[in-house]
Every structure is written in structure tokens, then in C-alpha cells.
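S.K.: Take this sequence and fold it.
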Amino acid sequence: MNSMLSEVVCKLNDRSAVIGIVGLGYVGLPLAVRFSGAGYRVVGLDIDSSKPEYIRQGRSYIKHISDSVIRDAVNKGFSATSDMQQARTLDAIILCVPTPLDGYRNPDLRYVIDTIDSLLPCLHEGQIISLESTTYPGTTEEELAPRIESKGFTIGQNFFLVYSPEREDPGNPDFTTQTIPKVCSGSTGPCLKAGLALYGQVIDRLVPVRSTRVAEMAKLLENIHRAVNIGLVNEMKMVADAMDIDIHEVIEAAATKPFGFVSYQPGPGLGGHCIPIDPFYLTWKARQYGINTRFIELAGEVNRAMPDWVVSKITLGLNRHEKSVNGSRILILGIAYKKNVDDMRESPAVEIMSILKKLGANVAYSDPYVPAFPQMRRYYFDLSSIELTPENLGCYDCVVLTTDHDEFNYPDIERYSQLVVDARGRYQASSDKIIKA
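M.R.: Okay, the predicted model is just below:
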């Protein structure tokens, strides 16, 4: 073990290392809290100046992370800033920045590249940089390594480059940052040792792999597995609907097989940052090798079509009541992409709202986790969440169930609504005013 690696490992082991987290979103903030709880001084960096301000006030801006958790971390030395110059003081820098798609569904690495470029003047010998953002195989070696080496560092000797993909599941009470096994890789053998020393202090189980490309591919495979199977079950839902078969009863019956079957649930589309986006990072990269990823692309087509499928069901339901979509008052229940979180990234509910608005509907929403509709890259509605009262439910022509928030009282929704379209497809009521989508 060379002297610089020994020094940084020693600092990580005795908790004297200062950890920097760049990007304080749904991945970065829980990670910062975890490192702080393990006894490290943590500095969060984010170009959104409102996030450091929240941290300074001891407040959380993510629903499933409480204010008390943030205050406890701040009391232990956690601080946040938008000043990238603070990276000069850090021993390890973990990048948790977005990796979206551009308008042509190609990888958009500008956040990763802009971040590393802004950090370059602040880097020093003996530092670790770890990228956690999901990306295509080769990103760490093709984009980060050359930039670091351009500053005169020798990766694996006096600087350590790591790739360790995030596995956060916001709002899942059964798995935490600490308990989810974490894949870890390094550009060289010493880099891997540095990464294992970094994460080994805060994660219960590490899964080392031999190269950053393996780790990058493993993360994509996890998400592609889900995307393809969700696409399959969404297609099965449409087939079952045409045959007047309850797809959920079918899934429950199939799931009793103790081997060879994994249960996936259909829905109104795909949401979250990972599943709707990450598979296309591999699709793009595979084209460079002359390979067409047909399963991925077909699943993407099916999943992207689901909001239109839901709107067709809404149209059918309104027609039964001798109403058109144009001019109808439609209430969307739940605009987060999954239950009991405020995470709206790629939420299919918002796509449904957008389609309905273009068709002339008067759209409103109710979501206890999203009091006011936030600014989004592709969508904006000047709306606030309405309270679910019998009076409010009764004045809408159609109520659309998109999310299973525990706060929703579904029997009351059925009782007081004129028409309910269940975009989750799970409502078991026998009322003729319930339409499953």
C-alpha cells in the first residue's frame, strides 16, 4: 500500500477524514446524513442555494427525511454550501448529481462533466473522488479520469477514482442507506481499496467488482431488469383488460409458484429518476458497438404509452356519463411517482395531467406530499393540492387514482365521486362507476 493510500485509509478509519457530498438530492442528502451519523465531518455542496439554506436552518426539503434528522446531523458538524472552493478542504468527494436524457433520449452528462470541471482547481493529492450517478459503461474512465489526469495526478498513486452506484429507494422503510448492499469499484487496485475504506465505514455490506465498467453495467442491469418486466406486465394488463380478466388476480395466482416467477405490478407508467431513464444509457452506448437493444426499446415504448392508455380509459368513462374530456373537471389523486413520497421525477401522473390539459380538461390534483406544484423541467401547472372533502370530490366529473398514498381514504373516494378511474388498476370495488386502467 503506497503512502498516500495508507494516509487516506488511516483518516477514514479514525473518522478524521472530511467527506464532501456534491448534489444534495434524494441520493446525496441521505448519504450525507449517514456519514455524519458515523462520526465524520461532512460538507454538502449543491448549486441550488436553497438547499444549503435549508440545511443551515436545520430543515429538510425531502418528505421522508425529518427536520430532526437534519438538525442532528448539523449538530454533529454537517454543513452545506454552494461554494465549490470548499472542495479544497475535503479528503473524499462523492458525486451524486443527475444523469438525465436529452431531447433525443441520449445520455446528458452535463451535470457530471460540469461538476468535475468546477472541482478541478480544488483537487489535491491524496483525495478520493467517487461517482454515484447512474451512467453508461466507460463514463468513469472516459470522462472523469482524463480530466483528473490533466491536472497532473496519477490515478491509483496520488489520487483515487471510484465508481459506486447509488441504490436509494426513497420512502422505503425496510431498506436504508446503511443496510442496502453497495457495489464498489475503482480505476485501479489501490482505487478500489480506497473506495472500500470510504464506504466500509457507513455501509453494512460492500460488493467489490473488478472494474468501473462492471459496476456501471451492473447498475444499468438492475434498472433494465425492472423496466423490461414492468413493460411486460403493463402489456399483459392491456391484453387482460381486452379479455375482461383482472390482471392483479392473475399476478397473485402466478406468484404462488415458489420458483421461476418474480411478481411485478402494472401501473400508469414509469416514474422516478432511474427506471424510465437509465436503460437508455445502455441503449445509446450499445449502438456504438453496432448492437440494437430491442428488449429495452420495446419495454420503453410500452411503458411510455401507459399515460395515453389511462387517458383513453378516462375518455371512455366520461363518455358513459355523456361527457367529453374537453371542459370536464378532472381531479388527479397523487402526483408523486410512488406512494408516501414527494418525489415527482418522471411521474406518469404529471404526463396524464399534461395530456388531459391539452385535450381541454380542467385539471386539479390532491397530494398530501406535494402541497404546491413544483417547477419541473418539462411541466408546470399553477396549482396547489386541494383537500379531499366530500364536497370537493363531488364537484369533479372524474377522479383519477394514480398513487397509493396511505392518507387517501379510498371508500370515501368511491362514495362521493361521480366517476373514478383507477390508473393503478387495483381497486376491488364492484361499483359500475369504477373503471380500472
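S.K.: Helix or strand for the most centrally placed residue in the chain, just tell me which one.
M.R.: Most central residue of the chain, judged by C-alpha distance to the mean C-alpha position with CA atoms, centre = their mean, is H273 at 3.5 Å. Using DSSP states H and E, H273 maps to neither a helix nor a strand.
S.K.: Going along the chain, name the strands of the chain.
M.R.: For the chain, the strands defined by DSSP state E occupy 18-22, 41-45, 79-81, 92-95, 128-131, 160-163, 182-186, 206-208, 329-333, 362-366, 398-401, 420-422, 434-436.
S.K.: most neighbours per residue, which of these?
M.R.: Between these, strand 160-163 has the highest mean count of neighbours, a mean of 29, where neighbours are mean count of other CB atoms under 10 Å. Bear in mind the C-beta positions are built from the backbone N, C-alpha and C, glycine included.
S.K.: So which other helices or strands are in contact with that one?
M.R.: Counting by 3 or more CB pairs under 8 Å, 6 or more residues apart in numbering; DSSP states H and E, the packing neighbours recorded for strand 160-163 are strand 128-131, strand 182-186, helix 189-199, helix 212-242.
S.K.: Show me what the shortest one is packed against.
M.R.: In other words, strand 128-131. Using 3+ CB pairs under 8 Å, 6+ apart as the contact criterion, the neighbours of strand 128-131 among helices and strands are strand 92-95, helix 110-119, strand 160-163, helix 189-199.
S.K.: what's the most buried one of those?
M.R.: With neighbours taken as mean count of other CB under 10 Å, the helices and strands packed on strand 128-131 reach their highest mean count in strand 160-163, at a mean of 29.
S.K.: What strands line up against that strand, and which way round?
M.R.: Each strand that strand 160-163 pairs with, and the sense of that pairing, follows from DSSP bridges: strand 128-131 (parallel), strand 182-186 (antiparallel).
S.K.: re earlier: which one, of the helices and strands packed on strand 128-131, ends up nearest to E216?
M.R.: Across the helices and strands packed on strand 128-131, the minimum distance to E216, taken as CB to CB, is reached by strand 160-163, at 6.2 Å.
S.K.: could the strands paired with strand 160-163 go into TSV alongside mean pLDDT?
M.R.: Putting those into TSV (pLDDT from 0 to 100) gives the following:
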stretch	mean pLDDT
strand 128-131	98
strand 182-186	98
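S.K.: okay, those in TSV with distance to E346 next?
M.R.: Supplementary listing: these in TSV, determined by distance: least, CB to CB, whole Å:
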stretch	distance to E346
strand 128-131	21
strand 182-186	23
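S.K.: Would you tell me which of those gets closest to M84?
M.R.: Nearest to M84 among the strands paired with strand 160-163 is strand 128-131; the distance by CB to CB comes to 13.2 Å.
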